[in-house]
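J.: Structure for the following, please:
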Amino acid sequence: QIQRALRSLSIPLERLHIMKGHMMEDMCKGLSRQTHAQAKVRMLPTYICSTPNGTEQGNFLVVELCQSQVRTLLVTLYGDGNMSPNMVYKIFDFPEGITQGKGEALFDFIAQCLSQFLTETIHSDPSKSEERLPLGFVFPFTCRQTQLDKAELLSWSKGFRCNDVLGKDVVELLQSAINKQELCHVDVVALMNDTVGTMMTCSTEGRPCEVAMVADKGSNCCFMAEAYLVETADETSGRMCVNTEWGCFGDDGTLNDIVTPYDECVDVESSNPGEKRFEKMVGTLYLGEIVRHTLIGLTAEKALFTGTDIGVLREKGVFTMQNILDIINNEEGITEVKRVLEVLGLQPSERDCGRVQQICRAVVGRAATLHATGLAAILSYMCQTRDQETLMVNVGMDGELYKGYPRFQEILLSVSRLLSPECMATLLPSRDGSGRGAAMVTAVALRLAALRREVNEVLAPLRLSRADLEKVQALMRQEMDQGLNKETNASASVRMLPTYVTHTPDGTERGDFLALDLGGTNFRVLVVRVTEEGICMASEIYVIPVAIMQGTGEALFDHIIDCIIDFQMKQSLVTDMLPLGFTFSFPCQQLGLDKALLLTWTKGFSASGCVGQDVVQLLRDAARRKQHLGMQVVALVNDTVGTMMACGYDDPKCEIGLIVGTGTNACYMEEMRNVGTVEGDQGRMCINMEWGAFGDNGCLDHLFTHFDRVVDESTINPGKQRFEKLISGMYLGEIVRQILMVMTEKQLLFQGKISSKLQTKNIFQTKFLSSIELNGLALRQIQAILNELEIEASFEDSVLLREVCQTVSLRAAQLCAAGLAAVVEKMRENRGLDQLSVTVGVDGTLYKLHPCFSTNLQMTLKDLAPNCNVSFMLSEDGSGKGAALVAAVASRAAN
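T.: Residues are numbered from 1 along each chain as shown. Reported below is the predicted structural model:
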């Protein structure tokens, strides 16, 4: 019978693995907004998002609610790594019956204790009498926390049953009681439970503690989870401490197969049968009861205390945790066991003493093993969600079982290592209970609040209100009107260039069309075949040698024609006279669909005899010189128009083109009657806005921040393309770098140390913004990006860096949306519609690759232009396919 009892209290390793898996599943349930209510592991957010960094300093009050006492503390931190805080405390015993009486009486008593403590403490140090004292409240009961200083009590435990507190904010109740005592300089800043207090107590400079376990009358664990996974809280950046409240694990029956008959007896006799099943197997409040029922059971089976009276064991609570510890911690044989049992009123034989000692060790060993299994579940979860192969973490420890049972630590480490071999935990004993930790929570909260104020001050100029965006929209409209007007066009910052493209595709286009895409050292030649089944394309890339780029215009255009001939021969198209659309990505003044004067070369080109000439004619002249008759240049196109046309083939409602990549631009179909720079009033024409220059006349100066001005001054074209410099991918990384430099100088980042790499222009690429803002990207990966820049970043630095990137990219998306809102509203008014339905063809790496840009752009546009139903369509190859489609539409119109 003894062996059977011992076996029932021993859990095989395979079963522990299953239990670990169940706990991890329940943890995920508890964190999910959808399944939180069904989870037995509650996973309550604590709103503690940072551990101490050692710089905290000042005086902090703590009130700690204990089993039968109130503990008040005054903790002074010196910013020395929190190695040697000064602590003064006083303990007040509860008056009889207060824990079962009115809630108001309990909180009034706590406030009276605090008042008395302050009178005695401040009397000895008058310098503290005038200062405001922030207070941390350790409240070891299950609460639903919605802020650090707002927590609604869900349930009492540990013998407390006060009226009128359940469902109420306990911080408010305490602050109200403190105010009654006229302690107007005391502010309750933070509430936490004892487990969280333990974690913070064990955190010092250079040694963050991210997990804490309390193995006491009750049992609990907390840890720093990735904040975006805590769906029951609104915080999404960084990490947040989660209070697991794992005592209820198993209440759904998942532990039934390891629950012994002795556990069943304990549960039935408890004040909450069927609840807190895990806690009743591990908490010191219950271990004595498990032993008592085991001894009663074995005596009934005549395996113990034969022929003696065990009536004393029938009394609930007679066998205490202290009795167990005295029995199992005794290395001197069974003399002490015999003494303990005799004091209880039992008459044990020598064999009884040995067997009782075995039972006690089995019950406590099982409790330690179950704690280890819970810890393993948490460690593996942390390792997985941080996307790490291994995890090294400090675990703060406290509680009667941890302190009283010497083998607890050994079992906890060995079993958790067996269950989670990828994780290495270091146990840190809690000093000064959770009181010091509560002071740390309060100190960290104040440090972060001060940091937040300074960060907001730096980023405030980049955060745009709705009124700011409406003003940008109105200014864009004003500049558009000026650009369309013949008289004011020359002075408008938005040039509104006519493209002579008068139709978008209607789906009836058929045939083979050539496209030429020239925008850099490489250029493409394409053939686009348009059939009833759709579009198919073939293309080839050709190189332009530097000698030709910088030689004569004749040599450049001769080389281009040679490449076109080569392509047509490979595609067996030499005998055909094919219409060609020419994407020419250099500044031009367009005088017709197939006539455009080159204004200036850029991108390293300097071929002579071209500036001021019609580039279409230069291409035709080269074809004549080469006697090539297989093509007919019908249209010169810019890439924004090509984007609109490429999408227009698939969606006839596509009448806007948008590029948001290295640069930014937009085009749209305007009513001819409004285009004052071109003769004729009938129909529509696509207008190339060249909106990157919006604001070059100073109309956006009010939006330009210090960072924007520094970036602008360092470019090759200061004062030009001002709108583009707020939005496009070429500049966003550099804006972020300037902000990081200022924040580091202000000691808000990287401990005030600026790496030489961070001082290098353009070192912070815009692609870093896309990586850093990916939702759910582990902060470790952000730190890897910073390591590339030779920056040592703390966890908090990574969170702040993400916020800076989000602020800059959000502003870019909002400004782009304000510009687009002006366009769609103008189109709606032009057409006299209550509601406009239109599609935007969009291209560019920033729009396509940034995780939030497109969403932020669309949301802002919907807000600024509620009467326009705008769809977005990603363009495929606007400069190639789009140019061919311009040629196709032109041919259709000509026919």
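
J.: Would you confirm that V736 contacts L769?
T.: Yes: judged on Cβ atoms under 8 Å, V736 makes contact with L769 at a distance of 6.5 Å. Every C-beta, even on glycine, is put in place using the N, C-alpha and C of the backbone.

J.: between the two, who's got more neighbours?
T.: L769 (29 against 23; other Cβ atoms under 10 Å).

J.: And the pLDDT at the more buried one?
T.: At L769, the pLDDT value in this model is 80.

J.: mind listing what it touches?
T.: L732, G733, V736, C805, V808, S809, H850 (Cβ atoms under 8 Å, 6 or more residues apart in numbering).

J.: tell me what the helix or strand of the chain with the lowest mean pLDDT is packed against?
T.: Using mean pLDDT, DSSP states H and E, helix 779-788 stands out as the lowest-scoring helix or strand of the chain, at a mean of 76. Here helix 779-788 touches helix 766-772, helix 795-830, going by 3 or more Cβ pairs under 8 Å, 6 or more residues apart in numbering; DSSP states H and E.

J.: which other residues reach the helix or strand where V242 lies?
T.: Per DSSP states H and E, V242 falls inside strand 239-243. The contact list for strand 239-243, computed with Cβ under 8 Å, 6+ apart, reads 31, 42-50, 193, 195-196, 199, 220, 222-227, 230, 233, 779, 795.

J.: which SS class is the residue nearest to the spatial centre of the chain?
T.: Centroid check for the chain by Cα atoms, centre = their mean gives S237 as the closest residue, at 3.6 Å. Secondary structure, DSSP: H, G, I helix; E, B strand; the rest coil: S237 is coil.

J.: who touches the least confident helix or strand of the chain?
T.: By Cβ under 8 Å, 6+ apart, the surrounding residues in contact with helix 779-788 are 226, 238-239, 386-388, 768, 771-772, 792-793, 795, 797-799, 801-802.

J.: Now do the buried residues in that helix.
T.: L779, I782, Q783, I785, L786 (16 or more other Cβ atoms under 10 Å).

J.: same deal with stretch 622-638?
T.: A622, A623, G630, M631, V633, V634, A635, L636, V637, N638.

J.: related to what we said a few turns ago, I'd like the helices and strands packed on helix 779-788 as TSV, with distance to S854 appended.
T.: TSV is the format used below for the helices and strands packed on helix 779-788 (distance: least, Cβ to Cβ, whole Å):
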stretch	distance to S854
helix 766-772	12
helix 795-830	8
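
J.: For I258, which of those is the nearest?
T.: helix 795-830 (37.5 Å; Cβ to Cβ).

J.: which helices and strands sit right next to the host helix or strand of V616?
T.: Using DSSP H and E, V616 sits in helix 615-625. If you count contacts as 3+ Cβ pairs under 8 Å, 6+ apart, helix 615-625 packs onto helix 553-570, strand 578-584, strand 595-598, strand 631-637.

J.: Low-confidence stretches in the stretch 301-450 of the chain?
T.: 433 (pLDDT under 70).

J.: So which residues of it form strands?
T.: For the stretch 301-450 of the chain, the strands defined by DSSP state E, counting those that start in this stretch cover 391-398, 423-429.

J.: Now the first one - C-alpha only, PDB.
T.: Taking C-alpha atoms only, strand 391-398 is exported to PDB below (Å, rounded to 0.1, in the frame of the first residue of the first chain):
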ATOM      1  CA  LEU A 391      17.000  31.100 -24.000                       C
ATOM      2  CA  MET A 392      19.000  32.200 -21.100                       C
ATOM      3  CA  VAL A 393      16.900  33.900 -18.400                       C
ATOM      4  CA  ASN A 394      17.000  34.900 -14.800                       C
ATOM      5  CA  VAL A 395      14.100  33.700 -12.600                       C
ATOM      6  CA  GLY A 396      13.200  35.500  -9.400                       C
ATOM      7  CA  MET A 397      12.200  33.100  -6.600                       C
ATOM      8  CA  ASP A 398      10.300  33.500  -3.300                       C
END
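
J.: I'd like the numbering to begin with 254 instead of 1 from here.
T.: Understood, numbering begins at 254; the last thing we discussed is strand 644-651.

J.: This protein - how does it break down into domains?
T.: Segmentation of the chain into domains, based on the TED database, reads 292-500+632-706, 719-774+889-1147.

J.: Just put these in a markdown table and tack on distance to S861.
T.: Output for the domains of the chain, formatted as a markdown table (distance: least, Cβ to Cβ, whole Å):
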| stretch | distance to S861 |
| --- | --- |
| domain 292-500+632-706 | 55 |
| domain 719-774+889-1147 | 17 |
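
J.: rewinding a little: tell me how far the helix holding V869 lies from the chain's centre.
T.: Centroid separation between helix 868-878 and its chain, computed with Cα atoms, centre = their mean, to the nearest Å, is 56 Å.

J.: circling back to that earlier point, show me the two of the contacts of L1022 that sit farthest apart.
T.: Across these, no pair lies farther apart than V989 and H1103, at 12.8 Å, counting by Cβ to Cβ.

J.: any weak-confidence spans in this structure?
T.: 335-336, 376-383, 458-459, 489, 686, 856, 1028-1033, 1146-1148.

J.: For G652, find the nearest of the helices and strands packed on helix 1032-1041.
T.: Nearest of these to G652, taken as Cβ to Cβ: helix 1048-1083 at 27.2 Å.

J.: Run the chain-centre distance for that closest one.
T.: For helix 1048-1083, the distance to the chain centre is 18 Å (Cα atoms, centre = their mean).

J.: can you pull the buried residues of it?
T.: Per 16+ other Cβ under 10 Å, helix 1048-1083 contains these buried residues: 1048-1081, 1083.

J.: hang on, the earlier thing: so which of the helices and strands packed on helix 1032-1041 is nearest E653?
T.: helix 1048-1083 (32.4 Å).

J.: so that closest one versus strand 492-496, what angle?
T.: For helix 1048-1083 against strand 492-496, the angle by axes from the mean of the first three to the mean of the last three Cα atoms, to 10 degrees is 110 degrees.

J.: List the pairing partners of whatever helix or strand comes next after helix 1048-1083 within its sheet, with orientation.
T.: Counting by DSSP H and E, the next helix or strand C-terminal to helix 1048-1083 is strand 1089-1096. Strands that pair with strand 1089-1096, judged by DSSP bridges, come out as strand 907-913 (parallel), strand 1121-1127 (parallel).

J.: helices and strands around the next helix or strand after the last one, which ones?
T.: Sequence order places helix 1136-1147 as the next helix or strand after strand 1121-1127, per DSSP H and E. Packed against helix 1136-1147, as judged by 3+ Cβ pairs under 8 Å, 6+ apart, are the following elements: strand 764-771, strand 775-784, strand 831-837, strand 884-890, helix 892-903.

J.: repeat that with 10 Å
T.: strand 764-771, strand 775-784, strand 787-796, strand 831-837, strand 884-890, helix 892-903 (3 or more Cβ pairs under 10 Å, 6 or more residues apart in numbering; DSSP states H and E).

J.: Many thanks, we can stop here.
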